[in-house]
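Colleague: sequence and predicted structure are below.
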Amino acid sequence: MKESFYTRTTDGKELYTVFWTSEQNFIKGAIQLCHGMAEHIGRYEDIASVLNQNGYHVIGHDCRGHGETAALTGEFGDYGTHTDFTRLADDVIEVRDQCLSNELPVYLFGHSMGSFIARRVIQLYSDAYEGVVLSGTNGPLGLLGVPATILASVLSAYQPKGKAELLNKLSFGSYNNSFPDSNTPFDWLSSNEAAVKQYIDDPKCGFVSTNRFYKVLFKGIDMIYNKKEINQIRKELPILFLSGKNDPVGDFGKGVFKSAQLYTNAGIQSVDVYLYENGRHEMLNEINANSVIDDLLYWLNVKKQAGVK
């Protein structure tokens, strides 16, 4: 059963929220979804259905600047004023606390931008989750991160709500270069042509975000790689990295393993990496999505049986 409503945050924001309730006799737990940049929670209908069939409730919200949350104000691609990654993490935990029972184990699944937000969430609230899945994530920005953050800050100071065409091009412009037979600017998302077409045809996807958005995003990514912040994560929290080997966001696997190593170095006891040959950015929309979902379910069930807390 699917229910949609708005969750009001402590700073007064109305977040469009969708709750897919499992009708199985035995409920294993709940999965909280955190979607990616320039998309929305509605794109996760299929995975929610499969998780429901396997005994998991599923919940997710449209992040600030996205989907029906943005539709309330027309601010697509803009986080708004006074927003940083800590506020975005607070949004996630407030949806969890208002909508989910503490009697069930809750797992956090974040994709792309959502994976970055999820990584801030577990720095602050790792006790709230039984495990976390990071899909389509990346390693540290490295030397490119400093000029990118400076540029975003300068542009944001002069035109905070201006469309960040330059930053968008610098961030995503080269992603299709690794796929010479591309037919669209978004072929880097998936080798599944039908899934790419659905993304392109969706009016709530593919928009260019604002300068202010990128400023928050780059500073947030820098924050999630701060070793002091990483050390706040409880050591028993299971973490799964799930990515395609041909994902340019994850630097074709190298960035994924760098991220995993950071958590291992911090003493996290259970860090797994599922890296898929020929997979691109959206593994849940790849041609082998069914196998990916089977692997995800296996991981969830193993961690649940282990009872790691």
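Modeller: In hand now; what should we look at?
Colleague: all contacts plus neighbour counts: C-alpha atoms, from now on.
Modeller: Noted.
Colleague: which residues of the chain fall in helices?
Modeller: Remark: helices assigned in the chain by DSSP state H are 45-53, 67-71, 85-99, 113-125, 145-158, 165-172, 193-201, 211-224, 227-230, 254-265, 289-306.
Colleague: tell me which of those helices is the most buried.
Modeller: helix 113-125 (a mean of 25; mean count of other Cα atoms under 10 Å).
Colleague: output the contacting helices and strands for the lowest-mean-pLDDT helix or strand in the chain.
Modeller: Least confident helix or strand, the chain: helix 145-158 with a mean of 82, by mean pLDDT, DSSP states H and E. The criterion is 3 or more Cα pairs under 8 Å, 6 or more residues apart in numbering; DSSP states H and E, and the helices and strands that helix 145-158 contacts are helix 211-224.
Colleague: just the angle between the helix it packs on and helix 113-125, please?
Modeller: In terms of direction (axes from the mean of the first three to the mean of the last three Cα atoms, to 10 degrees), helix 211-224 departs from helix 113-125 by 50 degrees.
Colleague: CA atoms only for helix 211-224, dumped as CSV, please.
Modeller: Only the C-alpha atoms of helix 211-224 are listed here, as CSV (Å, rounded to 0.1, in the frame of the first residue of the first chain):
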residue,chain,number,x,y,z
ASN,A,211,24.9,28.3,-7.7
ARG,A,212,23.9,28.1,-4.0
PHE,A,213,23.0,24.5,-4.4
TYR,A,214,26.5,23.6,-5.6
LYS,A,215,28.1,25.6,-2.8
VAL,A,216,26.2,23.5,-0.2
LEU,A,217,26.9,20.3,-2.1
PHE,A,218,30.7,20.9,-2.4
LYS,A,219,31.0,21.9,1.2
GLY,A,220,28.9,19.0,2.3
ILE,A,221,31.1,16.5,0.4
ASP,A,222,34.2,18.0,2.1
MET,A,223,32.4,17.6,5.4
ILE,A,224,31.7,13.9,4.9
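Colleague: helices or strands up against it?
Modeller: Counting contacts by 3+ Cα pairs under 8 Å, 6+ apart, helix 211-224 is packed against helix 85-99, helix 113-125, helix 145-158.
Colleague: quick one: closest of the ones you listed to Tyr16.
Modeller: Go through those one by one with Cα to Cα and the one that ends up closest to Tyr16 is helix 85-99, at 10.0 Å.
Colleague: nearest residue to the middle of the chain?
Modeller: The centre of the chain sits closest to Gly114, judged by Cα atoms, centre = their mean, with a distance of 1.9 Å.
Colleague: who touches that residue in this structure?
Modeller: Contacts here follow Cα atoms under 8 Å, 6 or more residues apart in numbering; on that basis Gly114 touches 34-37.
Colleague: let's have those residues in CSV, adding pLDDT, neighbour count and distance to Tyr16.
Modeller: Written out in CSV, the entries for these read as follows (pLDDT from 0 to 100; neighbours: other Cα atoms under 10 Å; distance: Cα to Cα, whole Å):
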residue, pLDDT, neighbour count, distance to Tyr16
Cys34, 98, 27, 12
His35, 98, 27, 12
Gly36, 97, 23, 15
Met37, 97, 20, 16
